[in-house]
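Visitor: Output the structure for:
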Amino acid sequence: MHVPRRLYEGLPWLYIALGAAALGASYLTTAWRAVSLITGIAGLAGVLAGVVLLLRRRDFRELGERYDAGRAGPLEDAPPSAARPDRDQD
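Guide: Numbers count the residues shown, from 1 in each chain. Modelled structure (predicted):
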């Protein structure tokens, strides 16, 4: 399934916004304890899911950058003899 990039990048912020709105609704519905509790738990889960998604994406992108930078390391620029020394020479 292909999701447009703008929607994909905005999903964590949407989760955080909806979670914050649910937390606000939970605060406003204190007269009904069960509804307030369910709404508060759903809001906390939404905020938490958005933050976790943001952090996971950041870590994945940083890891990808480090991996790509490591692939163009000194061994690729060096001559083949320096990259893999012969074991027969001592």
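Visitor: How many residues are close by residue 20?
Guide: 15 (other C-beta atoms under 10 Å). C-beta here means a position set from N, CA and C on the backbone, and glycine is covered the same way.
Visitor: where's it, which helix or strand?
Guide: Element membership for residue 20 (DSSP states H and E) is helix 5-28.
Visitor: any idea which helix or strand comes after that helix?
Guide: Counting by DSSP H and E, the next helix or strand C-terminal to helix 5-28 is helix 33-71.
Visitor: Let me see the confidence value for residue 23.
Guide: Per-residue pLDDT puts residue 23 at 96.
Visitor: thought it was touching residue 48?
Guide: No: using C-beta atoms under 8 Å, residue 23 is not in contact with residue 48, being 11.0 Å away.
Visitor: the more surrounded of the two?
Guide: Legend: neighbour count by other C-beta under 10 Å for residue 23 and residue 48, higher for residue 23 (18 against 13).
Visitor: Spatially nearest residue to that one (excluding sequence neighbours)?
Guide: Computed as C-beta to C-beta, 6 or more residues apart in numbering, the closest residue to residue 23 that is not its neighbour in sequence is residue 43, at 3.6 Å.
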